[in-house]
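S.K.: I'll drop the sequence and a predicted model, then ask my questions.
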Amino acid sequence: MKVATGEEKADLAIINARLLNVYSGELLDGYSVGIKGKWIAYVGNDPKNIIGTKTEVLDTNGRTIIPGLIDGHTHLAFFVNAYEFLKFAMKGGTTTIITETLEALPVGGYEGLMDFISSMSDQPIKIFATATVMASISETARGISIETIKKLINRSDILGIGESYWQSVLQEPDRILPLFNETLLAGKVLEGHSAGAKGNKLMAYIAAGISSCHEPINAEEALERLRLGLHVMIREGSVRRDLEAISKIKDRGVDLRRLILVSDGLEPKDLIEKGGMEFIVQKAINCGFDPITAIQMATLNVAEHFALDNLIGGIAPGRYADLVMIPDPNTIEAQYVISNGRIIAQEGRILISPIQHAFSKKSLNSISLPRRFYPSDFKITIKDDSKKVEV
């Protein structure tokens with residue numbers, strides 16, 4: 001507040017910028033942003049009162065600043081640990097990640113899950129998670145107690161229950177709905193997984209409190225879910241690439257503010273060669289989405305869905321200072337990345353390294369085998385001179 005009134009000076013001032021305002025859908029020239037600690041304190045076109053002798057000044061020379069990008073649905077435990085992932089994701093402009101935990105809990109139990117969550121805390125960017133209802137055809141990976149769910153959803157870094165398969169919800173309502181109710185009472189979200197559901201079954205599933213789905217693979221499926229009140233997450237990652245097919249929805253004349261861009265998980269090769277959320281937003285623009293709309297789909301829309309828009313998702317006073325400087329609205333190439341008020345990357349170089357977590361011995365030895373295996377166990381013995389063998 002004191003920076004905004006000029007009583008104190010900003011720690012960092014970004015000046016002469018073209019500000020992409022995701023709230024109003026405007027491009028505002030000649031704007032500046034004043035940052036104090038982790039927070040945005042000032043946004044306007046007359047920054048002289050917020051700049052002091054100790055203020056670091058970053059002159060954009062007319063380049064565009066946008067909010068830090070948010071990946072609203074991914075699977076960090078699938079492919080790589082947070083330390084290795086962030087070295088590549090951060091430099092492209094991603095400043096917030098929401099990850100599933102359905103891989104960690106069945107393998108490591110509650111203790112292993114806490115170890116996994118700890119590996120993502122105190123990083124240069126913000127990482128949140130969702131809990132899992134343990135819906136599986138495997139008995140060993142099925143079921144979670146209501147006491148455990150309560151412990152998880154009371155954490156500030158757990159935003160709700162992650163993707164719950166619609167078949168399981170409809171088949172096991174007595175087990176799953178009490179978990180959903182506890183989550184909704186805590187003000188947290190229920191993430192969906194409605195692949196293949198339509199009509200009455202889809203409506204029954206949504207009636208359980210589901211608020212989003214990342215499974216649509218074409219514009220018609222996306223539109224059906226939008227009409228039923230869901231936030232629709234468009235996947236463009238290593239698991240599936242649905243953005244081009246769903247992009248046809250832009251020609252239907254419907255409101256797109258409940259569309260969200262997500263990765264649903266990135267393999268190291270894709271992350272290194274293509275990039276993270278910056279690649280996905282750029283592809284949305286290339287598919288014909290208006291640049292402001294595409295950027296909203298990876299910032300404000302995500303934040304609003306998870307009820308985090310008072311903290312992230314836009315450039316406004318009182319929000320975390322998460323910003324990305326790009327050449328222009330059509331070119332999603334991060335020249336500067338600011339997270340929590342600090343410049344963490346510049347021109348593709350990481351300036352603040354992610355933290356490498358020391359996993360527990362138990363987490364590092366989660367595979368239980370009946371005995372030690374040797375290379376000879378994998379030798380295939382051929383009894384004749386056959387050149388082709390079925391394995």
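M.R.: Great, that's in hand.
S.K.: okay, now the domains of this structure?
M.R.: According to automatic domain parsing, the chain comprises the domains 12-62, 68-313.
S.K.: out of those, which one sits most buried?
M.R.: Mean neighbour counts were compared across the domains of the chain using mean count of other Cβ atoms under 10 Å; the top stretch is domain 68-313, at a mean of 20. For the C-beta atoms, the positions are set from N, CA and C on the backbone; glycine is no exception.
S.K.: tell me the gap between that one and the middle of its chain.
M.R.: Relative to the chain's own centre, domain 68-313 is displaced by 7 Å; criterion: Cα atoms, centre = their mean, to the nearest Å.
S.K.: let me see the mean pLDDT of that domain.
M.R.: The pLDDT scores in domain 68-313 average 94.
S.K.: so which residue is smack in the middle of this protein?
M.R.: Relative to the mean C-alpha position of the chain, the nearest C-alpha, by Cα atoms, centre = their mean, is the one of residue 71, at 2.2 Å.
S.K.: just the endpoints, please. Distance across stretch 333-347?
M.R.: End-to-end distance for stretch 333-347: 9 Å, by Cα to Cα, to the nearest Å.
S.K.: buried residues in that stretch?
M.R.: 333-346 (16 or more other Cβ atoms under 10 Å).
S.K.: from those residues, which land in helices?
M.R.: Among those, none falls in helices (DSSP state H).
S.K.: show me which of these is closest to residue 121.
M.R.: residue 340 (13.0 Å; Cβ to Cβ).
S.K.: leaving out sequence neighbours, find the closest residue to that closest one.
M.R.: The shortest distance from residue 340 to any residue other than its chain neighbours is 4.4 Å, reached at residue 38 (Cβ to Cβ, 6 or more residues apart in numbering).
S.K.: right, and that neighbour touches residue 320 too?
M.R.: Yes. Assessed by Cβ atoms under 8 Å, residue 38 is found in contact with residue 320 at 5.8 Å.
S.K.: identify the contacts common to the two.
M.R.: Common neighbours of residue 38 and residue 320, using Cβ atoms under 8 Å, 6 or more residues apart in numbering, are 340-341.
S.K.: list the helices and strands the longest helix anywhere in the chain packs on?
M.R.: Counting residues, the longest helix in the chain under DSSP H turns out to be helix 104-118. On a contact count with 3 or more Cβ pairs under 8 Å, 6 or more residues apart in numbering; DSSP states H and E, helix 104-118 meets helix 361-364.
S.K.: which residues are contacting the helix it packs on?
M.R.: Helix 361-364 is contacted from outside by 108, 111-112, 115-116, using Cβ under 8 Å, 6+ apart.
S.K.: and which of those residues is nearest residue 377?
M.R.: Scanning the contacts of helix 361-364 for proximity to residue 377, where the rule is Cβ to Cβ, the winner is residue 108, at 26.2 Å.
S.K.: residue contacts, the closest one?
M.R.: 115-116, 362-363, 366.
S.K.: could you rerun that using 7 Å?
M.R.: Shown in contact with residue 108 (Cβ atoms under 7 Å, 6 or more residues apart in numbering): 115-116, 363, 366.
S.K.: secondary structure class of the residue nearest to the centre of the chain, three-state.
M.R.: strand (DSSP: H, G, I helix; E, B strand; the rest coil).
S.K.: so how far is residue 236 from it?
M.R.: According to Cβ to Cβ, to the nearest Å, residue 71 stands 11 Å off from residue 236.
S.K.: contacts only, for the closest residue to residue 20 other than its chain neighbours.
M.R.: In this structure, residue 20 finds its nearest non-sequential neighbour in residue 66, 4.7 Å apart by Cβ to Cβ, 6+ apart. Residue 66 is in contact with 20, 295, 324, 326, counting by Cβ under 7 Å, 6+ apart.
S.K.: circling back: and the pLDDT at the residue nearest to residue 340?
M.R.: Among the per-residue scores, residue 38 holds a pLDDT of 98.
S.K.: strands of the stretch 51-200 of the chain, start to end?
M.R.: Using DSSP state E, counting those that start in this stretch, the strands of the stretch 51-200 of the chain run over 56-59, 64-67, 69-74, 94-99, 126-131, 158-165, 189-193.
S.K.: minimum distance to residue 28: which of those strands has it?
M.R.: When the strands of the stretch 51-200 of the chain are compared by Cβ to Cβ, strand 64-67 sits nearest residue 28, at 9.9 Å.
S.K.: ranges for the helices of the stretch 151-300 of the chain?
M.R.: 166-171, 173-185, 199-207, 219-227, 243-246, 268-273, 277-286, 291-296, 300-305 (DSSP state H, counting those that start in this stretch).
S.K.: got JSON lines for these, with distance to residue 3 too?
M.R.: Below are the helices of the stretch 151-300 of the chain laid out as JSON lines (distance: least, Cβ to Cβ, whole Å):
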{"stretch": "helix 166-171", "distance to residue 3": "48"}
{"stretch": "helix 173-185", "distance to residue 3": "37"}
{"stretch": "helix 199-207", "distance to residue 3": "44"}
{"stretch": "helix 219-227", "distance to residue 3": "40"}
{"stretch": "helix 243-246", "distance to residue 3": "39"}
{"stretch": "helix 268-273", "distance to residue 3": "36"}
{"stretch": "helix 277-286", "distance to residue 3": "29"}
{"stretch": "helix 291-296", "distance to residue 3": "26"}
{"stretch": "helix 300-305", "distance to residue 3": "23"}
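S.K.: just so I know, which of those helices lies nearest residue 32?
M.R.: Across the helices of the stretch 151-300 of the chain, closest to residue 32 is helix 291-296 (Cβ to Cβ), at 19.6 Å.
S.K.: packing partners of the closest one?
M.R.: helix 277-286 (3 or more Cβ pairs under 7 Å, 6 or more residues apart in numbering; DSSP states H and E).
S.K.: got the CA coordinates for the helix it packs on in PDB?
M.R.: Extracted as PDB, the C-alpha positions of helix 277-286 are listed here (Å, rounded to 0.1, in the frame of the first residue of the first chain):
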ATOM      1  CA  MET A 277       3.300 -23.800 -21.400                       C
ATOM      2  CA  GLU A 278       4.900 -21.200 -23.700                       C
ATOM      3  CA  PHE A 279       4.800 -23.800 -26.500                       C
ATOM      4  CA  ILE A 280       1.100 -24.600 -25.800                       C
ATOM      5  CA  VAL A 281       0.000 -20.900 -25.700                       C
ATOM      6  CA  GLN A 282       1.900 -20.200 -28.900                       C
ATOM      7  CA  LYS A 283       0.200 -23.200 -30.600                       C
ATOM      8  CA  ALA A 284      -3.200 -21.900 -29.500                       C
ATOM      9  CA  ILE A 285      -2.300 -18.600 -31.200                       C
ATOM     10  CA  ASN A 286      -1.100 -20.400 -34.300                       C
END
